[in-house]
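S.K.: Give me the fold of what follows.
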Amino acid sequence: MHGTPHIVSDVMTHTVAAIGRGASFKEIVRMMQDWKVSALPVLEGEGRVVGVVSEADLLPKEEFRDSDPDRHTQLRRLPDLAKAGAVTAGELMTSPALTVHADATLAQAARTMALAKVKRLPVVDDVGMLQGIVSRADLLKVFLREDEDIAEEVRREVVSYLFPKSTSSAIVTVRDGVVTLSGHIRDTSLIPVAARLIRAVEGVVNVNFDVSEPNRPSKPAPAPPSHSENTSPS
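M.R.: Numbers count the residues shown, from 1 in each chain. Purely as a prediction, here's the structure:
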């Protein structure tokens, strides 16, 4: 089966705000405000991503602006204290940058974001050159897919293989991304497999089943024994 290939390059933003290592603290804040983003890739050379500066990297400067942390806090928050005194992107950035390739699946990108607790990822090529940016909102775009497109893919890529018309009469309907498979299915043991494959189709929100096994033809009843009249001679 060959599902629709939804990869990062399908949804990523190609125009990206980025900064160099030498960008000042104020430049970084201003660019974040102008572009309405919470993080910026840091580039060097011809555009290789070497780090990312996020709002979280900037906040320690405000947090420790008028405080004198005790020894325990200094030891526990040493990285944050270092960033509180930083003035350039090279000093503030988180490095190496967490990135993703353009041919990664949306599921891979979503998993990376979730594990790292980040809102966006720079998209890079094989040598680390910036290609774009992908955000959580970009990954959710697949759920705007038309219901009929989803239904057609489910019919083509799942139902036609698991429940061919020669043995079943499965009906696929989709409403607001929720797939319902109904009708007669000869082998209902395949339903868990179907559910897993349908959920893997991009844009599917959930899967419901309303199926039954087709009526099996009943065996013909045995013919009643004949009761021929006994005409033995008297």
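
S.K.: hmm, which helix or strand of the protein has the shakiest average pLDDT?
M.R.: helix 71-76 (a mean of 57; mean pLDDT, DSSP states H and E).

S.K.: Show me where the chain has its helices.
M.R.: For the chain, the helices defined by DSSP state H occupy 8-11, 25-35, 55-63, 71-76, 78-84, 89-92, 106-116, 136-139, 147-154, 160-162, 191-199.

S.K.: orientation of the third one relative to helix 25-35 in degrees?
M.R.: Put plainly, it is helix 55-63. 130 degrees (axes from the mean of the first three to the mean of the last three C-alpha atoms, to 10 degrees).

S.K.: Buried residues, helix 55-63. List them.
M.R.: Neighbour counts using 16 or more other C-beta atoms under 10 Å place 57, 58, 60, 61 of helix 55-63 among the buried residues. Backbone N, C-alpha and C define where each C-beta goes, glycine included.

S.K.: so what's the second one scoring on pLDDT?
M.R.: The reference is to residue 58. Note for residue 58: predicted pLDDT of 87.

S.K.: Please name the residues that touch it.
M.R.: Applying C-beta atoms under 8 Å, 6 or more residues apart in numbering to residue 58 gives the contacts 25, 28, 29, 83, 92.

S.K.: JSON lines please, covering those and showing pLDDT.
M.R.: Below are these laid out as JSON lines (pLDDT from 0 to 100):
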{"residue": "25", "pLDDT": "92"}
{"residue": "28", "pLDDT": "95"}
{"residue": "29", "pLDDT": "94"}
{"residue": "83", "pLDDT": "68"}
{"residue": "92", "pLDDT": "92"}
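
S.K.: which one of the residues you listed has the most neighbours?
M.R.: residue 92 (25 neighbours; other C-beta atoms under 10 Å).

S.K.: That one against residue 53, yeah?
M.R.: Yes. Between residue 92 and residue 53 there is a contact under C-beta atoms under 8 Å: 5.1 Å.

S.K.: Could you find the residue nearest the spatial middle of this protein?
M.R.: residue 107 (3.5 Å; C-alpha atoms, centre = their mean).

S.K.: returning to that earlier point: tell me which of the helices of the chain sits nearest to residue 123.
M.R.: helix 8-11 (5.8 Å; C-beta to C-beta).

S.K.: Which other helices and strands does the closest one contact?
M.R.: For helix 8-11, the packing partners by 3 or more C-beta pairs under 8 Å, 6 or more residues apart in numbering; DSSP states H and E come out as helix 106-116, strand 130-135.

S.K.: Need these in CSV (columns: mean pLDDT).
M.R.: Formatted as CSV, the helices and strands packed on helix 8-11 follow (pLDDT from 0 to 100):
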stretch, mean pLDDT
helix 106-116, 92
strand 130-135, 96
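
S.K.: picking that back up, could you identify the pair within the contacts of residue 58 that is furthest apart?
M.R.: The widest separation within these (C-beta to C-beta) is 13.7 Å, between 29 and 83.
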